[in-house]
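Asks: coords please:
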Amino acid sequence: MDTVHGSPPPYATDRIDDKKDASVDLETSYKPGFEEADAFGNEELAEIKYKTLKWWQCGLLMICESVSLGVLSLPAAVAALGLVPAIILIVGLGILATYTGYNIGLFRERYPHIQNLADAGEILLGPFGRELFGLGQFLFCIFVMGSHLLTFRVMMNTITEHATCSIVFSVIGMVISMALSVPRTMKGMTWISFFSFLSIFSAVMITMIGVGVQDHPGRIIEATVDTSLYKAFSAVSNIVFAYCAHVAFFGLIAEMEKPKDFKKSLFMLQGFEICLYTTAAIVVYYYVGKDVQSPALSSAGPLLKKIAYGVAIPTIVGAGVVNGHIGLKYIYFRTCHKSDLIHSRGWRSVSIWIGLGLSCWVVAWIIAEAIPVFSDLNGLISALFASWFSYGLSGVYWLHLNWGQWLSSPKKIALTVLNIGIALFGLILCVLGLYASGTAIHDDANSNSFTCANTDS
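Replies: Below is the predicted model of the structure:
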């Protein structure tokens, strides 16, 4: 992989709030070679300390944030695309996501003040970029929170056999998630991420065993599938959604004790998820065939799917809370960055954090009820956000870091072509993904909004 030499060009309009001294409203223009203070400054005397993550804790949080709902839609994606194209895409997009994550780490090394996507956007596009990227990150987190509330509803309908109104179940999920969102640091999310990791791994294992021991008469396995553009790209979008952890990378690096160890966390994440995704997708599809359901846990049979959903509760709730924490922290920092509230345990800072958390989860609940079909909502999230955050923007980061050196050597030329291709790939994923997810939402017979009915079957 390439190393960064030299400095990016000057951006006179790039103005970054100095987070090191929150009592002074100081703005600084970037110049070549200028190094900004890190995101949280000196925390020696702070009541709340953020830079506390070990590399393995960061890796667990990344696994929790990424390897949760994404894996549950992959067997259905295999059914839509065929076994061979789907395996190529799952492995290929995973390898590409490793490289794009590496680029994000390089960009953060060059600009250590970055705490979120808004900071990165300001470096690239000035104040407009800050608002655009910050809004995109926040909306992504809200939509993912909504996806977890939707899955909680599916889980409760499955376990209780639709014992009450579906809206009641999603409200229960919202309340539980609100309660778990109280901690303000990523380290406070570590135990949630650990149990979430064990939960999704166990649930996937139960599902694979369940589909393997059952009879599936008439199952059809296809190497390739003759399908429409929108159905194929809906499946591609669901694979992209499985690699959507990148939106959290800047924030996680900012809270690491040693940010240079991020590469270890990245390889821990990507190695685990590529292996799990490929294995789960192939095994479940092989035993169930083209009629596999999304989420995949629903294919495990009447009893085992209830067990699998029960085991998956920690990840259904916990991974949503971790994603919510990322979006909530962005809004919290925007609200409190000019005061000492960020590092305070006082009633005012706690009240602001909890109030913002309640508001975010209510909005996420509205989204979950407005788009009540799991794969459709995931496809929309992927097209709008993951296409850029996990792929397209990474190419832009590399091009910015290597400005003026794109053609300086054969290696640079090859990497320049690769990263321009990654940026264009993100654009294609966004445009075609929006077309596919919009068509799917319009055509889906179960997409009734705000209904007590069980739309999950």
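
Asks: In this structure residue 285 contacts residue 73, no?
Replies: No: contact between residue 285 and residue 73 fails when scored by C-beta atoms under 8 Å: they sit 12.0 Å apart. Every residue, glycine included, has its C-beta placed from N, CA and C.

Asks: Show me the helices in the stretch 51-200 of the chain, by range?
Replies: 55-66, 74-81, 83-110, 117-160, 166-180, 190-213 (DSSP state H, counting those that start in this stretch).

Asks: Show me what the fifth one is in contact with.
Replies: Contact partners of helix 166-180, identified using C-beta atoms under 8 Å, 6 or more residues apart in numbering, comprise 145, 148-150, 152-153, 156-157, 192, 316-318, 320-321, 324, 357-358, 361-362, 364-365, 368-369, 372, 450-456.

Asks: at 6 Å what do you get?
Replies: The contact list for helix 166-180 (C-beta atoms under 6 Å, 6 or more residues apart in numbering) reads 149, 152-153, 156, 317, 320-321, 358, 361, 365, 368, 452, 454.

Asks: Between those residues, which sits nearest residue 274?
Replies: residue 320 (22.9 Å; C-beta to C-beta).

Asks: Could you count how many residues lie near the closest one?
Replies: 32 (other C-beta atoms under 10 Å).

Asks: Quick check: it vs residue 326, distance?
Replies: Plainly put, residue 320 is 11 Å away from residue 326 if you go by C-beta to C-beta, to the nearest Å.

Asks: Mind putting the contacts of helix 166-180 into JSON lines with distance to residue 240?
Replies: Formatted as JSON lines, those follow (distance: C-beta to C-beta, whole Å):
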{"residue": "149", "distance to residue 240": "21"}
{"residue": "152", "distance to residue 240": "23"}
{"residue": "153", "distance to residue 240": "24"}
{"residue": "156", "distance to residue 240": "28"}
{"residue": "317", "distance to residue 240": "24"}
{"residue": "320", "distance to residue 240": "19"}
{"residue": "321", "distance to residue 240": "23"}
{"residue": "358", "distance to residue 240": "31"}
{"residue": "361", "distance to residue 240": "25"}
{"residue": "365", "distance to residue 240": "25"}
{"residue": "368", "distance to residue 240": "20"}
{"residue": "452", "distance to residue 240": "32"}
{"residue": "454", "distance to residue 240": "28"}
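
Asks: hmm, which of those residues are the buried ones?
Replies: Buried members of these, scored by 16 or more other C-beta atoms under 10 Å, are 149, 152, 153, 156, 317, 320, 321, 361, 365, 368, 454.

Asks: tell me the average confidence for the helix or strand where residue 317 lies?
Replies: Following DSSP states H and E, one finds residue 317 within helix 313-336. Mean pLDDT, computed over helix 313-336, is 87.

Asks: Now do that helix: which elements does it pack against?
Replies: Helix 313-336 sits against helix 55-66, helix 117-160, helix 166-180, helix 190-213, helix 347-370, with contacts defined as 3 or more C-beta pairs under 6 Å, 6 or more residues apart in numbering; DSSP states H and E.

Asks: What angle do helix 55-66 and that helix make with each other?
Replies: 100 degrees (axes from the mean of the first three to the mean of the last three C-alpha atoms, to 10 degrees).

Asks: Residues touching helix 313-336, excluding its own?
Replies: Contacts for helix 313-336 (C-beta under 6 Å, 6+ apart): 64-65, 68, 116, 137-138, 141-142, 144-145, 148, 151-152, 155, 176-177, 180-181, 189, 192, 195-196, 199-200, 248, 251, 342, 353, 356-357, 360.

Asks: neighbours of residue 159, just the number please.
Replies: 16.

Asks: next one: residue 340
Replies: The burial count for residue 340: 13, using other C-beta under 10 Å.

Asks: what separates it from residue 330, distance-wise?
Replies: 19 Å.

Asks: do you know how far residue 359 is from residue 169?
Replies: For residue 359, the distance to residue 169 - C-beta to C-beta - is 21 Å.

Asks: Please identify which of those two sits among more neighbours.
Replies: Neighbour count, other C-beta under 10 Å: between residue 359 and residue 169, residue 169 has more, with 24 against 12.

Asks: returning to what we had before: buried ones in the helix holding residue 317?
Replies: 313-336.

Asks: Tell me the one among the buried ones among the contacts of helix 166-180 nearest to residue 431.
Replies: Nearest to residue 431 among these is residue 368, at 25.4 Å by C-beta to C-beta.

Asks: where does the stretch 151-300 of the chain dip in pLDDT?
Replies: Within the stretch 151-300 of the chain, no stretch has pLDDT under 70.

Asks: Surely residue 290 is in a helix?
Replies: No: according to DSSP: H, G, I helix; E, B strand; the rest coil, the state of residue 290 is coil, so it is not within a helix.

Asks: Counting neighbours, what do you get for it?
Replies: 15.

Asks: list the helices and strands the helix or strand where residue 400 lies packs on?
Replies: According to DSSP H and E, residue 400 maps onto helix 393-401. The criterion is 3+ C-beta pairs under 6 Å, 6+ apart, and the helices and strands that helix 393-401 contacts are helix 83-110, helix 410-443.

Asks: Kindly recompute the last result at 8 Å.
Replies: Secondary-structure packing of helix 393-401 (3 or more C-beta pairs under 8 Å, 6 or more residues apart in numbering; DSSP states H and E): helix 83-110, helix 117-160, helix 410-443.

Asks: tell me the pLDDT at residue 16?
Replies: 37.

Asks: Residue numbering should commence at 19 henceforth.
Replies: Happy to do that; since the first residue is 19 now, the last one works out to residue 34.

Asks: Quick check: phi and psi on residue 274?
Replies: The phi/psi pair for residue 274 (degrees, to the nearest 10) reads phi -90, psi 140.
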